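*Asks:* following is a predicted model, sequence given first.
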Amino acid sequence: MSNYILITNDDGVDSPGIFSISKALIERGYRIVILAPEVNNSASGMSITLGQELALKERQDIADSLGESARVFSLGGSPCDCMIVGLSGALDDVVPDAKPMLCVSGVNLGPNVSVDVLHSGTVGAAREAALYGLPAIATSSTEFTTRGLDQAVHAAVQVIELVLNIIPDVADNLLRPQLGGIRDVPTLENSARLRSALCRGDVFLNLNTPMEWNGEIKPSKVGLKWYRNALHRGSDGSTYLIDGVEIINQPEENCDVGTILGGSSSLTLCPTWPAGHPLYLGAGLLSHAMEVAESGSPKWLC
């Protein structure tokens, strides 16, 4: 296989999550290229670095521990910087013999559900890749330690292979030579329209897996989760710390928060573009992502 899966994250290139998913994909015969932040960039959202030179470094030490099917690079920037720099030409410079066919962002340590999707660098990187026309998946364990990592990797590989079955070997919308969207193909049935949107980068996937995973992956919508008591004042009154929050979950039917609390992985189809953008799919079409096949997987992915 000549083309590769591009792997990134926000926990940094040395994270156990990015190593574990890379190892699992290599063991299944996939070629991978890692391009991830040099240091931890958690909760960086879609932050980008303007007007500064960003150092790209090859991490042969990590590649050696993964095997011959891996190339590993770090960038002195954010997760979105990694996607912008990489997809705009840096990857062509360092891996000239192949192109990315899919972006996998993660596995993140800690959940990215509900309001987290607005803050998460993991989700931000996947969305940035999709903006550039590359099919993308963000994937997370709901644990902030490695205790749930094996389960999260197992679920992620299942979803990745479902996606690889429906996307082309060559990402034909990379850098968006196709200026249109699925509005150009209104005669397709709903599942086919969603698959087309994923291939074009007009939607991306967000997967979250609990430590006590029951083996199910359920299509889910974004749910309700609230943070309280996040602010701590310093002793001299001039400093503030955001930490130690109280988390309030409000599970609803078929939402990511409730799905995880029930022991299943949540798989959410996220629009790349905001409502009102010409390439936004619309709530009516997006609702078909909640339909379930007999296998239990999202119908549109089967």
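*Replies:* Nice, I can see it. Numbering: from 1, shown residues only.

*Asks:* where does Gly51 land in three-state SS?
*Replies:* What DSSP: H, G, I helix; E, B strand; the rest coil gives for Gly51 is coil.

*Asks:* can you report how many residues lie near it?
*Replies:* 4 (other C-beta atoms under 10 Å). Any C-beta I mention is one placed from the backbone N, CA and C, and that applies to glycine too.

*Asks:* go on, Asn229?
*Replies:* 10.

*Asks:* and it, what does it touch?
*Replies:* Applying C-beta atoms under 8 Å, 6 or more residues apart in numbering, one finds that Asn229 lies in contact with Gly244, Val245, Glu246.

*Asks:* can you check Pro100 too?
*Replies:* Applying C-beta under 8 Å, 6+ apart to Pro100 gives the contacts Asn3, Tyr4, Ile5, Leu6, Val33, Gly86, Leu87, Leu91, Leu134, Ala171, Leu174.

*Asks:* surely Thr259 is in a strand?
*Replies:* No: using three-state DSSP, the assignment for Thr259 is helix, not a strand.

*Asks:* next, the nearest residue to it once chain neighbours are set aside: phi, psi?
*Replies:* Leaving aside its chain neighbours, Thr259 sits nearest to Ser266 (4.0 Å; criterion: C-beta to C-beta, 6 or more residues apart in numbering). Here is the backbone geometry of Ser266 (degrees, to the nearest 10): phi -100, psi 130.

*Asks:* what's across from Ser266 in the sheet?
*Replies:* Listed beta-bridge partners, Ser266: Asn208, Lys218 (assigned using DSSP bridges).

*Asks:* start the count at 629, not 1, going forward
*Replies:* All set: I'll call the first residue 629, so the last point we hit is now Ser894.

*Asks:* isn't it right next to Glu844, touching?
*Replies:* No: in this structure, Ser894 is not within contact of Glu844 by C-beta atoms under 8 Å, at 10.0 Å.

*Asks:* could you check which of the two has the larger neighbour count?
*Replies:* Per other C-beta under 10 Å, whichever of Ser894 and Glu844 has more neighbours is Ser894, with 31 against 13.

*Asks:* OK, contacts around that one?
*Replies:* Applying C-beta under 8 Å, 6+ apart, the residues near Ser894 are Val741, Asn834, Leu835, Asn836, Lys846, Ser848, Cys883, Asp884, Thr887, Ile888.

*Asks:* just the pLDDT for it.
*Replies:* On pLDDT, Ser894 comes in at 97.

*Asks:* on that earlier part again, neighbour-wise, which one of the contacts of Asn857 leads?
*Replies:* Neighbour-wise, the contacts of Asn857 (other C-beta under 10 Å) top out at Val873, 13 neighbours.

*Asks:* contacting residues for the nearest residue to Pro707 once chain neighbours are set aside?
*Replies:* Nearest residue to Pro707, sequence neighbours excluded (C-beta to C-beta, 6+ apart): Ala753, at 3.6 Å. For Ala753, the contacting residues are Thr636, Asn637, Asp638, Pro707, Cys708, Cys710, Met711, Cys731, Ser733, Ala764, Ala766, by C-beta under 8 Å, 6+ apart.
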